[in-house]
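Visitor: quick check, what structure comes out for this input:
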Amino acid sequence: MSVQPARQPNTHQVLVSVGTDTHKFIFTTEVNQVGEHLLQTTRGDRTFSEVFRFNQRVAMNVTNLVVKCYNHETINLPADVGIFVTPETALSKQKPFENSGLADIDSQQSKAVDRETRQRAIAIVEKLPEAVLDEAVNFLESLYIKGEPVE
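Guide: Numbers count the residues shown, from 1 in each chain. Okay, here's the model as predicted:
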């Protein structure tokens with residue numbers, strides 16, 4: 001594997017070996033102000049997302065190496081980033097969904113977030129640049145789990 005700066009600013013070209021195949025991906029890093037904090041987002045191109053769709057842990061490890069490179073931290077390459085599995089293997093290892101804990105999670109979340117905290121979060125999201133708004137909303141939605149009755 002290798003991680004090299006690409007032609008465009010804040011982009012890296014990443015070579016990854018999966019078995020006997022070598023894949024080339026482009027990663028982009030953006031840094032945006034969120035309230036008083038800087039939010040650094042690094043993501044691979046569409047092909048990267050498709051290749052590693054069933055290998056999220058491997059994808060996360062590759063992305064972490066790109067983040068380190070972007071931040072001028074030392075990385076040792078080639079690096080073992082995990083075991084790549086086929087879609088069939090990944091699906092066979094999924095655990096069945098159990099909704100027994102959803103009621104507990106929902107009541108804990110309702111108690112944990114007061115009105116003031118909710119308003120501050122909305123204010124932060126409203127200040128985000130348009131380029132990261134969809135990603136921020138998707139992230140926030142992923143944090144909230146609510147069970148709906150199934151008929």
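
Visitor: adjacent strands (with direction) for the helix or strand harbouring S17?
Guide: Assigned by DSSP states H and E, S17 belongs to strand 11-18. Partner strands and pairing direction for strand 11-18 (DSSP bridges) are strand 2-5 (antiparallel), strand 21-34 (antiparallel).

Visitor: kindly reformat those strands as TSV containing mean pLDDT.
Guide: Written out in TSV, the entries for the strands paired with strand 11-18 read as follows (pLDDT from 0 to 100):
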stretch	mean pLDDT
strand 2-5	90
strand 21-34	92
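
Visitor: for S92, find the nearest of those strands.
Guide: Shortest distance between S92 and the strands paired with strand 11-18, using Cβ to Cβ, is found for strand 21-34: 22.3 Å. All C-beta atoms are positioned from the backbone trio N, CA, C, and that covers glycine.

Visitor: tell me which residues of the closest one are tucked away?
Guide: The neighbour-count check on strand 21-34 (16 or more other Cβ atoms under 10 Å) flags 25-29 as buried.

Visitor: same check, this time on stretch 68-80
Guide: Buried, per 16+ other Cβ under 10 Å, within stretch 68-80: 69-70.

Visitor: just the endpoints, please. Distance across that stretch?
Guide: In stretch 68-80, first residue to last residue: 15 Å (Cα to Cα, to the nearest Å).

Visitor: list the contacts of it.
Guide: In this structure, residues lying in contact with stretch 68-80 by Cβ atoms under 8 Å, 6 or more residues apart in numbering are 1-3, 10, 12, 17, 29, 40, 42, 61, 65.

Visitor: what's the farthest-apart pair in those residues?
Guide: The two members of the contacts of stretch 68-80 with the most space between them (Cβ to Cβ) are S17 and Q40, at 26.7 Å.

Visitor: of the contacts of stretch 68-80, closest to A121?
Guide: Of all the contacts of stretch 68-80, the one sitting nearest A121 is Q40; the distance, using Cβ to Cβ, is 19.6 Å.
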